[in-house]
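> Let me see the structure of the following:
(2 chains)
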Amino acid sequence: MEPPRTISVSQVNAYLGCPLKYRFQYVDKIPRPWRVAAMAFGSSVHAAVEWFHRERLAGRTPDLTEVLKVFDADWYAQNVEPLVFSERESKDSLAEKGRAMLQLYVESTNGVKPVAVEQFFELDLADPETGEVLDVRLRGVIDLVEEGEMLVDLKTAGRTLEQGGLERHLQLSTYALAFFLLRGTIPKLRLDMLLKTAKPRLERHPTTRSVEDLGWTARLIREVSLAIQTEHFFPNPSWRCTECEYFAHCQQWRGTWPLPSEQLVTVSDGEGVGESVGA
Amino acid sequence: MKADQLIRTVEVHDRNGQVIGSKEVVTYQGLLQKAHKEGLARLRTSLLQIPTEDNGRVAIAKAEVETGKGLFEAIGDACPENVDEFLAPHLIRVAETRAKARALRDAVNVGVVSFEELDGVRLPPDGGSPGSDSGRGSSADTAQAGRSSPAPRARAPIRRPAASGNGSEPMTEAQRRYLFRILSGQGYQREAAEERLKDLLEVERLSVVTKASATKLIDELLNAAPGNGTAGHGATPHHQR
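Modelled structure (predicted):
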């Protein structure tokens, strides 16, 4: 397997969530058998918020109706192929919820002007404490950059942050790390959480990071990259397993390859029992 | 090449590398110079789609060129199937350069396609580098590409669609969502948008739409959007995450 020359923030998060799922998704590239509605819903809300800020960035004042149209279009498109809903949710109930959440978001928008929306970055990872180049390229996308060097990540969620969740939020840490490596200063950070509660809530959680925090983050990313290169893929059993798209594949895992027979072809060339390649 | 040379003739090769013809192209460098002469006030780019495995590694960038004549917008795309192999790790910058080249062409009123927008064309052996110093990309492209593949550019193998990535794969989820959002901006919602898409793509079901035809339609819809190209301002398309 080719070692990844570049790793994204999403990949780091995916690996830390479950190394075996990472393998199914990014190495074996097994198509997802189905999609979780909650994830698709979050993407649709995100698409509408992104459009809203792009309009603001362009100097326009988008009204709520237009924002909701973007959401409706995206949510409709998401449902062209079936999604898997939880018992309490449906296409229509989430559509209604999404509109309410976006109304709240638009009406709660502060007057701070966006400086960039979906800001892409890619850089050579270095340890900000020692200056050591870590031989990994890191890439990602910052949801929103506001005036005053404020980097914002937007999340939709069913419940508020768990204790310590803000300090450990890897995406924000990585944003700050990238900003520090590119600009030489530590930015302000904020996690905006749109909560899918009965009555939608918007929580804004400001935070920051120290250089030590950023060094810790850089080393974590380096270690994840190394673990991927050395093919350390194993399951991480948790409550998430019940909604994992690769649950069936995971059940076939025996600690050695090959993995799911319907997706992988066993190589019988005598160069290694059970070695397999993607079909 | 002279810095102000606008039009160049390039060789067109077949998949075996044989010269099968020639084509006149406009060069990025020439476009840029002409734009400056015509009062280039601003050249701004934004990334509309990041290349990921989910979207077939298609990078889409948008460029805005403002001259004394107004604001001109264009998009450019790049994926492993439409760039030289050695540029495959640099899709974002290639897409950006292509977008800039297209916007600049509109701005300076040049109808000839630019070298940066094409694949499968090469300079004659003594042709030097067309367009910008970097060939099809910005100077950063060349620097990056040089590190990953030191082979001389003119000798690089012609990149042709691989069997597994020739655009015949199904339209990605990201493409589908983007198309619906674009159509929403044009007044088509939900079922009406779906029907409109089927009409435009000439299919019975969206599940049979290929990635290549979706890419083509996105390009057409964005370029046909009111305000694109020649107008003073353009409606921001509903961007893809």
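> can you map out the strands along chain A?
Taking DSSP state E to define them, one finds strands in chain A at A:6-8, A:114-126, A:133-146, A:150-157, A:188-195, A:201-207, A:264-266, A:276-278.
> Those strands into CSV, with extra columns for distance to residue B:203 and mean pLDDT?
No exception for glycine: its C-beta is placed from N, CA and C like everyone else's. Formatted as CSV, the strands of chain A follow (distance: least, Cβ to Cβ, whole Å; pLDDT from 0 to 100):
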stretch, distance to residue B:203, mean pLDDT
strand A:6-8, 33, 93
strand A:114-126, 30, 94
strand A:133-146, 32, 94
strand A:150-157, 32, 95
strand A:188-195, 35, 97
strand A:201-207, 40, 96
strand A:264-266, 32, 37
strand A:276-278, 29, 29
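> Can you add mean neighbour count and give the ones you listed back as TSV?
Converted to TSV, the strands of chain A look like this (neighbours: other Cβ atoms under 10 Å in any protein chain shown):
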stretch	mean neighbour count
strand A:6-8	19
strand A:114-126	18
strand A:133-146	19
strand A:150-157	19
strand A:188-195	20
strand A:201-207	14
strand A:264-266	14
strand A:276-278	14
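> so which of the ones you listed gets nearest chain B?
Of all these, it is strand A:114-126 that lies closest to chain B, at 5.0 Å by Cβ to the nearest Cβ.
> could you check the angle strand A:133-146 makes with the closest one?
With axes from the mean of the first three to the mean of the last three Cα atoms, to 10 degrees defining the directions, strand A:114-126 sits at 170 degrees from strand A:133-146.
> Counting by contacts, list what the top helix by length along chain B packs against.
Counting residues, the longest helix found in chain B (DSSP state H) is helix B:91-107. Judged by 3 or more Cβ pairs under 8 Å, 6 or more residues apart in numbering or on different chains; DSSP states H and E, helix B:91-107 is in contact with helix B:28-37, strand B:42-49, strand B:59-67, strand B:70-78, helix B:139-148.
> export these to TSV and tack on mean pLDDT?
Listed next are the helices and strands packed on helix B:91-107 as TSV, based on pLDDT from 0 to 100:
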stretch	mean pLDDT
helix B:28-37	78
strand B:42-49	81
strand B:59-67	84
strand B:70-78	84
helix B:139-148	31
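> Residue B:187 is nearest to which of these?
Closest to residue B:187 of the helices and strands packed on helix B:91-107 is strand B:70-78 (Cβ to Cβ; 20.1 Å).
> and residue B:192, how many neighbours?
Residue B:192: 12 surrounding residues under other Cβ atoms under 10 Å in any protein chain shown.
> got a pLDDT number for it?
Looking at residue B:192, its pLDDT stands at 94.
> Only the buried residues of the helix or strand containing it, if you could.
Here residue B:192, judged by DSSP states H and E, is contained in helix B:190-201. Under the neighbour-count criterion of 16 or more other Cβ atoms under 10 Å in any protein chain shown, helix B:190-201 has B:190, B:193, B:194, B:196, B:197, B:201 buried.
> close to chain A, is it?
Yes - against chain A, helix B:190-201 shows contacts by Cβ under 8 Å from any Cβ of the partner chain at B:190, B:193, B:194.
> which of those residues lies closest to chain A?
Nearest member of the residues of helix B:190-201 next to chain A to chain A, counting by Cβ to the nearest Cβ, is residue B:190, at 4.8 Å.
> ok, the residue lying closest to that closest one once chain neighbours are set aside - contacts?
Among residues not flanking residue B:190 along the chain, residue A:76 sits closest, at 4.8 Å (Cβ to Cβ, 6 or more residues apart in numbering or on different chains). Residue A:76 is in contact with B:180, B:189, B:190, B:193, B:194, counting by Cβ atoms under 8 Å, 6 or more residues apart in numbering or on different chains.
> Over to residue A:171?
Residue A:171 makes contacts with A:9, A:13, A:140, A:153, as judged by Cβ under 8 Å, 6+ apart.
> In terms of pLDDT, where does residue 1 sit?
By default, I'm working from chain A. 49.
> not quite, I wanted chain B
45.
> What residues of stretch A:229-247 count as buried?
Buried, per 16+ other Cβ under 10 Å, within stretch A:229-247: A:233, A:235, A:244, A:245, A:246.
> Tell me both backbone torsions, phi and psi, for the fourth one.
Spelled out, that is residue A:245. The phi and psi torsions at residue A:245 (degrees, to the nearest 10) take the values phi -70, psi -20.
> Tell me how far it lies from chain B.
For residue A:245, the distance to chain B (Cβ to the nearest Cβ, to the nearest Å) stands at 13 Å.
> Give me the pLDDT value at that residue.
Residue A:245 is assigned a predicted lDDT (pLDDT) of 90.
> So it sits against residue A:32, correct?
Yes - assessed by Cβ atoms under 8 Å, residue A:245 is found in contact with residue A:32 at 4.4 Å.
> returning to what we had before: relative to residue A:148, tell me which of the helices and strands packed on helix B:91-107 wins on proximity.
Of the helices and strands packed on helix B:91-107, nearest to residue A:148 by Cβ to Cβ is strand B:42-49, at 21.2 Å.
> how far off strand A:114-126 does the closest one point, in degrees?
Using the same axes, to 10 degrees: strand B:42-49 against strand A:114-126 is 70 degrees.
> circling back: I'd like to know which elements the helix holding residue B:192 is packed against.
Helix B:190-201 is packed against helix A:64-78, helix B:173-185, helix B:211-224, with contacts defined by 3+ Cβ pairs under 8 Å, 6+ apart.
> Would you mind finding the most buried of those helices?
Among the helices and strands packed on helix B:190-201, helix B:173-185 has the highest mean neighbour count (mean count of other Cβ atoms under 10 Å in any protein chain shown), at a mean of 24.
> Can you confirm whether that helix lies near chain A?
Yes - against chain A, helix B:173-185 shows contacts by Cβ under 8 Å from any Cβ at B:173, B:176, B:177, B:179, B:180, B:181, B:183, B:184, B:185.
> Quick one: low-confidence residue ranges for chain A.
Within chain A, the ranges that satisfy pLDDT under 70 run A:1-4, A:256-279.
> tell me the helices in it, going along the chain?
A:9-17, A:19-22, A:37-57, A:64-78, A:91-107, A:170-183, A:211-229, A:247-251.
> Can you lay out the ones you listed as CSV showing distance to residue B:40?
Converted to CSV, the helices of chain A look like this (distance: least, Cβ to Cβ, whole Å):
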stretch, distance to residue B:40
helix A:9-17, 35
helix A:19-22, 45
helix A:37-57, 21
helix A:64-78, 32
helix A:91-107, 36
helix A:170-183, 27
helix A:211-229, 39
helix A:247-251, 54
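> of all these, which lies closest to residue A:120?
Nearest of these to residue A:120, taken as Cβ to Cβ: helix A:170-183 at 10.2 Å.
> Can you give me the buried ones in the closest one?
Under the neighbour-count criterion of 16+ other Cβ under 10 Å, helix A:170-183 has A:171, A:172, A:173, A:174, A:175, A:176, A:177, A:178, A:179, A:180, A:181 buried.
> that older thread, I'd like the strands of chain A as a markdown table, with distance to chain B appended.
Below are these laid out as a markdown table (distance: least, Cβ to the nearest Cβ, whole Å):
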| stretch | distance to chain B |
| --- | --- |
| strand A:6-8 | 8 |
| strand A:114-126 | 5 |
| strand A:133-146 | 6 |
| strand A:150-157 | 11 |
| strand A:188-195 | 15 |
| strand A:201-207 | 20 |
| strand A:264-266 | 14 |
| strand A:276-278 | 11 |
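> related to what we said a few turns ago, tell me which of the helices and strands packed on helix B:91-107 sits nearest to chain A.
Nearest of these (Cβ to the nearest Cβ): strand B:42-49, 5.0 Å.
> Can you tell me the strand partners of the closest one and which way each runs?
Strand B:42-49 pairs in its sheet with strand B:59-67 (antiparallel), by DSSP bridges.
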